[in-house]
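Q: how does the following fold in three dimensions:
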Amino acid sequence: MSSVGAFSRGASKGSSEKIVINVGGVKHETHRSTLMTLPGSRLAQLVDTVEPPSELFFDRHPEVFTHVLQYYRSGKLHCPTNLCGVLLEEEFDFWGISGTDVEPCCWPAFQQHKDGVEALAQIYPSVMENDRSSPTNIWALFDNPLSSVGAKVIAVVSLFFILLSITAFSLQTNGAINPHQMYVVPADNSSNNFTENPFALPRVLDAVELVCSIWFVFEFVMRAFSCPGKLCFFLNIMNFIDLLALFPWFFRWCSGMYCMHALGFLHVMRCIRVLHVFKLMQHVFGVRVLKHTLRASATALCAVPLILFSCTLIFGTMVFYAELDQNNFYSSFADIPSSFWFAVVTLTTVGFGDMYPVTVQGKCVASLCAMVGVLLLILPVPIIVNNFIKFSSLLKAKNSMSRKKEKISLYMAPSYST
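A: Prediction:
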């Protein structure tokens, strides 16, 4: 056995002598000149000697080598569709053949397996595995609901306070039950920007907001104290929003117009807290599949706004000149910028009806714009559906594979008899 994993026997008498290649017990016969058609490959280097061996043995996959040898003969590299693309790539690398030489008819099947491996790596990041390995960690207790039973309880409590805080914030904008004050913007822009509500109920919502704020402060302090990397924690946009969401309650009695405007901005930060619902739901199977689907479809979906912008410019300009009438001073299409609004509404199939063409040529442009809008909305649907099916099957396979490994390890565990 040589250093390259090939066993040679004898030597051929001429350059046109046959060479027997035994791969995994399957023998293949070819000529030396055939192997020399791909200079730099493993077989070409082995037979490029004065006395090439008459037989070579390789302990490799025999079915893949059949296609490799055919590549030497015809110059076209095909691959079997019943084998994993990762296995094919490893075999091609061993024989010194580049996987980019695969023919277009076999390229989708060859690349699909590689995309599956990359998708599986995205589904289960290493951070989640590290959190699962330490279920008693405080950081896992507040950040990973699947780490322990206590983490699930904290996740449910956190979700409850998030929804309760959003509900209290929404009810405070209702003048009939606002317990403190109603925000009124006067017409003269004076400093008297709020009035007391004479029909205010007891300040129950204030107590609810106080309890929610105490929980949020406690949760933020515990997560900030126990996080592995403090810098990464405070650079996270969601953690920064959590910090801003704590300010409205402390500054709610602030007076003055500028302070009230700043307080209104901070109240918006409280509404953004509801985004944490998606964080708590990321361990649900369907939500996790949808998240990876949208991430994988992001590149294709980015083309939709670009196409929409281009179509808006085209149809907005066309409908303006189609509806251009010097005698009609009350036309909705007064200028091209206002016509862009009509193009956007028509392309998205909303159709508010505030602007509509009256001329024959304008109606033709509007009909064409509506048909293009329907096609534009249908365009990303197959991409999202295909990626959703792919990630769903991969995630199910990953979960079943983990259970299968656990069963195998259980069966292979040594038993000790007393």
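Q: please count neighbours and contacts with C-alpha atoms only from this point.
A: Will do.
Q: ranking helices and strands of this structure by mean pLDDT, which lands last?
A: Least confident helix or strand, the chain: helix 126-133 with a mean of 40, by mean pLDDT, DSSP states H and E.
Q: going by neighbour count, list what's buried in the helix or strand hosting Val374.
A: Using DSSP states H and E, Val374 sits within helix 360-378. Under the neighbour-count criterion of 16 or more other Cα atoms under 10 Å, helix 360-378 has Gly362, Lys363, Val365, Ala366, Cys369, Ala370, Val372, Gly373, Leu376 buried.
Q: which helices and strands does that helix pack with?
A: Packing partners of helix 360-378 (3 or more Cα pairs under 8 Å, 6 or more residues apart in numbering; DSSP states H and E): helix 303-322, helix 336-347.
Q: comparing those helices, which stretch has the densest surroundings?
A: helix 336-347 (a mean of 21; mean count of other Cα atoms under 10 Å).
Q: other residues contacting it?
A: For helix 336-347, contacts defined as Cα atoms under 8 Å, 6 or more residues apart in numbering pick out 308, 311-313, 315-317, 319-320, 333, 351-352, 355-356, 366, 369-374, 376.
Q: try stretch 312-326
A: So stretch 312-326 is contacted by 331, 333-337, 339-344, 347, 357-359, 361-362, 365-366, 369 (Cα under 8 Å, 6+ apart).
Q: re the thing from before, what residues does the helix holding Val374 touch?
A: Contacts of helix 360-378 (Cα under 8 Å, 6+ apart): 304, 307-308, 315, 318-319, 322-323, 343, 346-349, 357.
Q: switch the cut-off to 7 Å
A: For helix 360-378, the surrounding residues in contact (Cα atoms under 7 Å, 6 or more residues apart in numbering) are Phe315, Met318, Val319, Ala322, Glu323, Thr346, Leu347, Thr348, Thr349, Pro357.
Q: do the same with stretch 79-98
A: The contact list for stretch 79-98, computed with Cα under 7 Å, 6+ apart, reads Ser41, Arg42, His67, Gly99, Cys106, Ala109, Phe110, Gln111, His113, Lys114.
Q: quick one on the thing from earlier: switch the buried residues of helix 360-378 over to JSON lines; also include distance to Lys18 and pLDDT.
A: As requested, those are exported to JSON lines (distance: Cα to Cα, whole Å; pLDDT from 0 to 100):
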{"residue": "Gly362", "distance to Lys18": "77", "pLDDT": "89"}
{"residue": "Lys363", "distance to Lys18": "76", "pLDDT": "91"}
{"residue": "Val365", "distance to Lys18": "72", "pLDDT": "93"}
{"residue": "Ala366", "distance to Lys18": "73", "pLDDT": "92"}
{"residue": "Cys369", "distance to Lys18": "68", "pLDDT": "94"}
{"residue": "Ala370", "distance to Lys18": "69", "pLDDT": "93"}
{"residue": "Val372", "distance to Lys18": "63", "pLDDT": "93"}
{"residue": "Gly373", "distance to Lys18": "65", "pLDDT": "92"}
{"residue": "Leu376", "distance to Lys18": "60", "pLDDT": "88"}
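Q: quick check: the farthest pair among these?
A: Spatially, the most separated pair among those is Gly362 and Leu376, at 20.7 Å (Cα to Cα).
Q: shouldn't Lys27 be within a helix?
A: No: with DSSP: H, G, I helix; E, B strand; the rest coil as the criterion, Lys27 is located in strand rather than a helix.
Q: what number of residues lie near it?
A: 13 (other Cα atoms under 10 Å).
Q: state the distance from the residue nearest to it when sequence neighbours are not counted to Cys227.
A: Distances taken as Cα to Cα, 6 or more residues apart in numbering put Ile21 closest to Lys27, at 5.6 Å, once the chain neighbours are dropped. From Ile21 across to Cys227, the span is 59 Å (Cα to Cα, to the nearest Å).
Q: out of these two, name the residue with the larger neighbour count.
A: Taking neighbours as other Cα under 10 Å, Ile21 and Cys227 compare with Ile21 leading, 24 against 17.
Q: quick one: what helix or strand has that one in it?
A: Going by DSSP H and E, Ile21 is in strand 18-23.
Q: which other helices and strands does that strand contact?
A: strand 26-31, strand 55-58 (3 or more Cα pairs under 7 Å, 6 or more residues apart in numbering; DSSP states H and E).
Q: that strand vs strand 26-31, what angle?
A: When axes from the mean of the first three to the mean of the last three Cα atoms, to 10 degrees is applied, the directions of strand 18-23 and strand 26-31 differ by 150 degrees.
Q: begin at 231, not 1, for the rest of this chat.
A: I'll keep to 231 as the first residue from here, and by that count the last item is strand 248-253.
Q: so the nearest residue to Leu265 once chain neighbours are set aside is in which element?
A: For Leu265, ignoring the flanking residues on the chain, the nearest one in space by Cα to Cα, 6+ apart is Ala274 at 5.3 Å. In this structure, Ala274 sits in helix 272-277 according to DSSP H and E.
Q: what lies in contact with that helix?
A: Under the contact criterion Cα under 7 Å, 6+ apart, helix 272-277 has outside partners Arg262, Leu265, Met266, Leu268, Pro283, Trp325, Gly326.
Q: would you reformat these as CSV and include distance to Gly315, neighbour count and pLDDT?
A: Listed next are these as CSV, based on distance: Cα to Cα, whole Å; neighbours: other Cα atoms under 10 Å; pLDDT from 0 to 100:
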residue, distance to Gly315, neighbour count, pLDDT
Arg262, 29, 24, 86
Leu265, 24, 22, 87
Met266, 26, 17, 87
Leu268, 22, 18, 86
Pro283, 32, 23, 82
Trp325, 15, 16, 91
Gly326, 16, 17, 88
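Q: among those residues, which ones are in helices?
A: Counting by DSSP state H, the contacts of helix 272-277 place Arg262, Leu265 in helices.
Q: farthest-apart pair in the contacts of helix 272-277, please.
A: Top of the distance list for those (Cα to Cα): Pro283 and Gly326, 19.1 Å.
Q: alpha carbons only: can I get the helix or strand hosting Glu321 in CSV?
A: In this structure, Glu321 sits in helix 315-324 according to DSSP H and E. Taking Å, rounded to 0.1, in the frame of the first residue of the first chain, the C-alpha atoms of helix 315-324 are listed here in CSV:
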residue,chain,number,x,y,z
GLY,A,315,-23.4,15.6,-2.2
VAL,A,316,-20.9,15.9,0.7
LEU,A,317,-19.7,12.3,0.0
LEU,A,318,-19.4,13.1,-3.7
GLU,A,319,-17.3,16.2,-2.9
GLU,A,320,-15.0,14.2,-0.7
GLU,A,321,-14.5,11.6,-3.4
PHE,A,322,-13.9,14.1,-6.1
ASP,A,323,-11.3,15.8,-3.9
PHE,A,324,-9.6,12.5,-3.3
